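**Q** give the three-dimensional model of this entry:
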Amino acid sequence: MSDTQGESKYSCWDFLITCVGLPLFLTDIGLDIWAAVIFYQEKAYACLGVLLLLLVGSTLLAQAYSWLWYSYDNFEMKTKVEGLPTQRELTVLHVCQLGVYVRHAGVLEMAVRSMYNRLPDPEKGASTPEEQKPKTEDITVSLTHDLSMLRIIETFSESAPQLTLMLTIILQTGHLDPVTVLKAIGSASAIAFSVTAYHRSLRSFLPDKEKQQITSSVIYFIWNLVLISSRLTALALFASVLPCFIFTHFICSWLVLFFFAWRSKTDFMESPCGEWLYRATVGLIWYFNWFSVAGGKTRYRTALYHGYILTDICILCAFTSSV
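**A** Numbering: from 1, shown residues only. I've put the predicted structure just below:
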């Protein structure tokens, strides 16, 4: 039994990350509403408009991906929770921007079942039959990966731009207090946490990487926290001095990154339209942080990307200091 658990694809740490993910997701929604109320009370209508645009665009994008993935599987559900609504009801839930919550519930159900299957039977003194474990764990890993991907999309289409907006306001107003600092650190940590969770779920599909140490995830989290913080700080500095040009910078950068995403010949989605949507989304994610989209060795692609981002950060800082 101990050997089986040691080789399990879905570990206790993965279960903990899954359980923590849903409260963080709900907390993020509450903080978004709170930020919108504050902007409205302070009559910062421009910031409120940008925030609402990010919120609406992010949820539409995530719901579109969720519905497309269900349609690719012909709406064949792997969990009891997901099987409760009919196909039409599930479509209505996605239109009402509630479909992702069904996925959250389904992943939580399978995560609990995976942990339950590893417990010994009090009557027989043995765990669940070995043939049932791989099937349950494979489904859990697959659903967790889908949910992690949706969180990545939501993170870099909403959370990262929102944190950049918040840092820009702080730099423009010069108002800095411990609460604001903690909010900024917490937001950056949440972004790095989403990237780390996706990284763990992605490596679960690799035969030689199934057993993942928590220390490697901690190091990966700190690494991404440093990279993301430096990138968002540079963007915020530029936006605080030249707010109108940040949109031009984003569009030009996104076009370049979208071109490289297209040249990477991705095959993530099962329809041509879905694949173009994915490549556009990859360009958006690359604007803030590295995201692997092709198989094989990525050392040179990663080095090229970080070189490009480093050059871009230097240019942004140079423009900021010259104004």
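**Q** surely residue 291 meets residue 282?
**A** Yes - the pair residue 291 / residue 282 is scored as a contact, 6.3 Å apart, by CB atoms under 8 Å. (Glycine included, C-beta is placed from N, CA and C.)
**Q** those two - which one has more neighbours?
**A** Counted by other CB atoms under 10 Å, residue 291 and residue 282 do not tie: residue 282 has more neighbours, with 23 against 17.
**Q** per-residue pLDDT, the closest residue in space to residue 187 that isn't next to it in sequence?
**A** What sits nearest to residue 187 in space, not counting adjacent residues and going by CB to CB, 6 or more residues apart in numbering, is residue 163, at 4.5 Å. Per-residue pLDDT puts residue 163 at 89.
**Q** mind giving me the packing neighbours of the lengthiest helix in the chain?
**A** When the chain is parsed with DSSP state H, its longest helix is helix 12-41. Here helix 12-41 touches helix 45-72, helix 99-117, helix 132-154, helix 160-173, helix 178-203, going by 3 or more CB pairs under 8 Å, 6 or more residues apart in numbering; DSSP states H and E.
**Q** average pLDDT across that helix?
**A** 75.
**Q** which parts of that helix are buried?
**A** For helix 12-41, a neighbour-count test (16 or more other CB atoms under 10 Å) marks 14-15, 17-18, 21, 25, 28, 31-32, 35, 39 as buried.
**Q** with stretch 268-275 instead?
**A** Buried residues in stretch 268-275, counted by 16+ other CB under 10 Å: 269, 274-275.
**Q** what's the spacing between that stretch and its chain's center?
**A** 19 Å (CA atoms, centre = their mean, to the nearest Å).
**Q** name the residues that touch it?
**A** 68, 72, 266-267, 277-278, 293 (CB atoms under 8 Å, 6 or more residues apart in numbering).
**Q** could you redo the last one with a cut-off of 10 Å?
**A** When contacts are defined by CB atoms under 10 Å, 6 or more residues apart in numbering, stretch 268-275 is touched by residues 64-65, 68-69, 71-73, 149, 262, 265-267, 276-279, 281-282, 293-294.
**Q** any low-confidence regions in the stretch 151-300 of the chain?
**A** By pLDDT under 70, the low-scoring segments of the stretch 151-300 of the chain are 177-180, 182, 204-212, 295-296.
**Q** same thing but at 80, please
**A** 174-187, 200-214, 294-298 (pLDDT under 80).
**Q** with the stretch 1-150 of the chain instead?
**A** Applying pLDDT under 80 to the stretch 1-150 of the chain flags residues 1-32, 34-35, 114-138, 140-141.
**Q** what sits closest to the residue nearest to the spatial centre of the chain if chain neighbours are left out?
**A** Note on the chain: the residue nearest the mean C-alpha position is residue 152, at 1.6 Å, using CA atoms, centre = their mean. Take residue 152 and drop its neighbours on the chain: the residue closest to it by CB to CB, 6+ apart is residue 198, 5.0 Å away.
**Q** which one of the buried residues of stretch 268-275 is nearest to residue 316?
**A** Taking CB to CB as the measure, residue 316 sits nearest to residue 275 out of the buried residues of stretch 268-275, at 31.0 Å.
**Q** and that closest one, how far from residue 101?
**A** Distance of residue 275 to residue 101, computed by CB to CB, to the nearest Å: 26 Å.
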